[in-house]
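Participant: Sequence first, predicted model second:
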Amino acid sequence: MTSGLRGSAYERGVRLTRKGKLADAAAAWQEGAKQGDPQCQMALAEALDAGRGVLPNPRSAFRWYQTAAKNGVARAQAYLASHYANGIGDATAKHNPDAFVLAKDDVQARHWATLAAEQGMVEAQVLSGWLFARDGGPDAPIDIARATAWYQRAIDQGSVKGMVGLANLIASGHVADQGPAEAFVLYERAARRNDPTAQYYTGLYLLEGIGTEANHALALEWLLKAAEAGIVAACRSLGIIHRRGRGAPKNLAIAETWLRRSALKGDAESMALLADMHMGLEAAVPNPGEAIIWYTAASELGHTGALAALGLAHQKGKFVPLDPLRAIHFLERATEAGHVEAAFHLGLSHLEGRGIPVDYGKAATLLMKAAEQGHANATYNMGVLYFHGHGVAQDQQKAMFFYARSAELGSPSGQFRLAHALSTGQELLPADPDKALYWFTKAAENGHVPAQVNLVRILTSRQAPLEELERWRVRLHEAAAHGIAIAMTALAEMKWNIDRDGPAAIEMAKAAVELGDPLAQNLIEYLEARNFNGIVR
């Protein structure tokens, strides 16, 4: 058959398609395909793939794509590359024997993409860049040089996708001698060509000052463009920006609007953030019930923070039924996914028997897991376990190490324990009054009431300035108002030692007894022995 005749079969099919005679067009292409016409082979493959004029037949379509690709049709080669890159169906699952399944194969994907790219097909050049930039296994390792070269060839033809692809590769740190500044240039160049993904990254780089000088106003412009174009991450970013007031005025209503947009598009992180706003009473109309709905939706998508939040909600019965067993279920799932806070609370559950039998060994394992990731309170609790020998071999030297480490990480309880050890002095940790004062102060500033009490006693004994003592008196009054007995006892001491007001001190000490501090009775006896009608003797 001459080339003219081959062309006529294809053109006849095109004319028939224009007239709406799809079955006749498919028949014409089938005739030409069988006679070796690559154009007809490609057209027939697409017809079989889409079910235009013939019954859909993916298996037969794929064979004709292969034939057209072998005969040099770049679009067919690109089709094969794309489908080998991602696979079709699940080759490992049980399926209908008639279903067409294609296993993912990066070697074949690279082969066909390269052939199409060498013919100058821009889309195939971008695909080749992406394929060589990813790890396809032992037979298709990462090849940054070839990935960069293919992206650059696509860029040379004006490809916006090539610009974004190369920018992503540079941003990931894979291209030698190029960094954030070079990535930003490419992102901005593609953004000006209206690529939404590039607009998002351009906005992000301008917001954070990555590879360029920070410019919050311009960043918002690009992020808005990307968000309006449907980039979910841009919607989420705008929500976060307006929630935190960073890069734009804080506006919780606008934040909620953007987070809702991205949540409704299936973004798990936005769902969790929206739930946080409702749970934290930041939403325009706070609704803890809606928070649970969003946490649940995010958890179904595997969001670990949402799983942990649901676990804690069920553990406390907060806006959901109190259900310790369900709490453990969610905390275990979050812990398995690597959520540190969930591991800590699951460890406490084993330690205290919350919805699960007490198991010091499991508690120690979980708390250690969280402690190794820098969780301050988990680190403190490991100190407690080592101090008492629960779930681990008793080792007070290790206990002191964990107390000190938790103090550095910001645990008020750890700071108090360390301060107490330094103030009393022991074989494991020699007395150091100045360091003790430092850590008592740290714990007190973090709201640890026993530390506040000890701090006031130390400052009083050192005759600290009255202004400093008054600052802590205010904090103790706050604690006493919440029914903390030892705070009331300390206030009674201050009333005696600083104000020299015996009757008032006695009344406060009596209030401390009523609140449940048995040691306050000793203070009453002491004060009554030294006070007569308010006159100190």
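Facilitator: The structure has been received and is ready for your questions.

Participant: separation between residue 414 and residue 472?
Facilitator: 21 Å (CB to CB, to the nearest Å). Backbone N, C-alpha and C define where each C-beta goes, glycine included.

Participant: quick one, which of those two is more surrounded?
Facilitator: residue 414 (28 against 21; other CB atoms under 10 Å).

Participant: quick one: which helix or strand includes that one?
Facilitator: Residue 414 is part of helix 412-424, with elements assigned from DSSP states H and E.

Participant: what about the residue nearest the centre of the chain, distance to residue 305?
Facilitator: The centroid of the chain falls nearest to residue 269 when counting by CA atoms, centre = their mean (7.0 Å). Going from residue 269 to residue 305 by CB to CB gives 8 Å.

Participant: so residue 368 sits right up against residue 383, yeah?
Facilitator: No: Residue 368 sits out of contact with residue 383 when judged by CB atoms under 8 Å, with a separation of 11.4 Å.

Participant: Counting neighbours, go ahead and name the busier of the two.
Facilitator: Of the pair residue 368 and residue 383, residue 383 is the one with more neighbours under other CB under 10 Å, namely 27 against 20.

Participant: what separates residue 27 from residue 432, distance-wise?
Facilitator: According to CB to CB, residue 27 and residue 432 sit 94 Å apart.

Participant: neighbour count winner among these two?
Facilitator: More neighbours surround residue 27 than the other of residue 27 and residue 432, with 18 against 15 (other CB under 10 Å).

Participant: and the more buried one, what does it touch?
Facilitator: Shown in contact with residue 27 (CB atoms under 8 Å, 6 or more residues apart in numbering): residue 53.

Participant: Ok, residue 196 next?
Facilitator: Counted by CB under 8 Å, 6+ apart, residue 196 has contacts 225-226, 229-231, 234.

Participant: Need the per-residue pLDDT for the closest residue to it other than its chain neighbours.
Facilitator: Once flanking residues are discounted, residue 196 sits nearest to residue 229: 3.6 Å by CB to CB, 6 or more residues apart in numbering. Note for residue 229: predicted pLDDT of 97.

Participant: quick one, phi psi at residue 229?
Facilitator: When read as degrees, to the nearest 10, the backbone of residue 229 gives phi -80, psi 0.

Participant: right, and it touches residue 191 too?
Facilitator: No: taking CB under 8 Å as the definition, residue 229 is not a contact partner of residue 191, at 10.7 Å.

Participant: Mind listing the shared neighbours of the two?
Facilitator: Here residue 229 and residue 191 share the contacting residues residue 199, scored by CB under 8 Å, 6+ apart.

Participant: out of these two, which sits in the busier spot?
Facilitator: residue 191 (24 against 14).

Participant: What segments of the stretch 201-350 of the chain are helices?
Facilitator: Per DSSP state H, counting those that start in this stretch, the stretch 201-350 of the chain carries helices over the ranges 216-228, 232-244, 252-264, 268-279, 288-300, 304-316, 324-336, 340-352.

Participant: Those helices: which one's closest to residue 358?
Facilitator: Residue 358 sits nearest to helix 340-352 of all the helices of the stretch 201-350 of the chain, at 6.9 Å, using CB to CB.

Participant: that older thread, please read off the pLDDT at the residue nearest to the centre of the chain from the model.
Facilitator: Residue 269 is given a pLDDT of 98.

Participant: which residues touch it?
Facilitator: 236, 298, 303.

Participant: Next one: it from residue 259, what distance?
Facilitator: Taking CB to CB, one finds residue 269 at 9 Å from residue 259.

Participant: With residue 374 instead?
Facilitator: Residue 374 sits at a distance of 28 Å from residue 259 (criterion: CB to CB).

Participant: Same check on residue 439?
Facilitator: The value you get for residue 439 to residue 259, if CB to CB is used, is 40 Å.

Participant: count of neighbours near residue 519?
Facilitator: What residue 519 shows, counting by other CB under 10 Å, is a neighbour count of 12.

Participant: Residue 374 and residue 259: which is more packed in?
Facilitator: Legend: neighbour count by other CB under 10 Å for residue 374 and residue 259, higher for residue 259 (29 against 12).

Participant: For the more buried one, which non-adjacent residue is spatially closest?
Facilitator: Nearest non-adjacent residue to residue 259 (CB to CB, 6+ apart): residue 239, at 3.6 Å.

Participant: I'd say the one you found and residue 270 touch.
Facilitator: Yes: counting by CB under 8 Å, residue 239 does reach residue 270; the two are 6.6 Å apart.

Participant: Pull up the overlap in contacts between these two.
Facilitator: 259, 262.

Participant: so where is the stretch 201-350 of the chain shaky, pLDDT-wise?
Facilitator: Nowhere does the stretch 201-350 of the chain drop to pLDDT under 70.

Participant: repeat that for 90
Facilitator: 246-247, 281, 284, 318 (pLDDT under 90).

Participant: circling back to that earlier point, what is in contact with residue 269 and residue 259 at once?
Facilitator: Taking CB under 8 Å, 6+ apart as the criterion, residue 269 and residue 259 both touch residue 236.

Participant: now the helices for the stretch 401-537 of the chain?
Facilitator: Secondary structure of the stretch 401-537 of the chain (DSSP H, counting those that start in this stretch): helices at 412-424, 433-445, 449-461, 466-481, 485-497, 502-515, 520-529.

Participant: Ok, which of those comes nearest residue 23?
Facilitator: helix 412-424 (78.2 Å).

Participant: by how many degrees do that closest one and helix 433-445 diverge?
Facilitator: Helix 412-424 runs at 150 degrees relative to helix 433-445, counting by axes from the mean of the first three to the mean of the last three CA atoms, to 10 degrees.

Participant: now helix 412-424 against helix 449-461, angle please.
Facilitator: Interaxial angle, helix 412-424 versus helix 449-461 (the same axes, to 10 degrees): 40 degrees.

Participant: Identify each buried residue in helix 412-424, please.
Facilitator: Across helix 412-424, burial judged by 16 or more other CB atoms under 10 Å covers 412-423.

Participant: Same question for stretch 441-448.
Facilitator: 441-444, 448.

Participant: what's the answer for stretch 388-403, then?
Facilitator: 390-392, 396, 398-403.

Participant: Helices - which of these land there?
Facilitator: 396, 398-403 (DSSP state H).

Participant: ok, the closest residue to residue 307 other than its chain neighbours - how many residues close by?
Facilitator: With CB to CB, 6+ apart as the criterion, residue 307 has its nearest non-adjacent residue at 3.8 Å, and that residue is residue 334. Applying other CB under 10 Å, we find 28 residues neighbouring residue 334.

Participant: Contacts only, for residue 334.
Facilitator: Residue 334 touches 304-305, 307-308, 311, 342, counting by CB under 8 Å, 6+ apart.

Participant: switch to 6 Å and redo it
Facilitator: Contacts for residue 334 (CB atoms under 6 Å, 6 or more residues apart in numbering) come out as 304, 307-308, 342.

Participant: before we move on, the earlier item: using CSV, lay out the buried residues of helix 412-424 together with distance to residue 288 and pLDDT.
Facilitator: Compiled in CSV, the buried residues of helix 412-424 are given as follows (distance: CB to CB, whole Å; pLDDT from 0 to 100):
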residue, distance to residue 288, pLDDT
412, 28, 98
413, 29, 97
414, 32, 97
415, 33, 98
416, 33, 97
417, 35, 96
418, 38, 96
419, 38, 96
420, 39, 94
421, 42, 93
422, 43, 94
423, 43, 93
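
Participant: quick one: which of the residues you listed is nearest residue 352?
Facilitator: Nearest to residue 352 out of the buried residues of helix 412-424 is residue 413 (CB to CB; 15.2 Å).

Participant: Now do the same for the residue lying closest to the closest one once chain neighbours are set aside: its pLDDT.
Facilitator: Of all residues beyond its chain neighbours, the one nearest residue 413 is residue 380 (5.0 Å), with distances taken as CB to CB, 6+ apart. According to the prediction, residue 380 has pLDDT 98.

Participant: Tell me what angle the strand or helix carrying residue 380 forms with helix 340-352.
Facilitator: Residue 380 is part of helix 376-388, with elements assigned from DSSP H and E. Computed by the same axes, to 10 degrees, the angle separating helix 376-388 from helix 340-352 equals 30 degrees.
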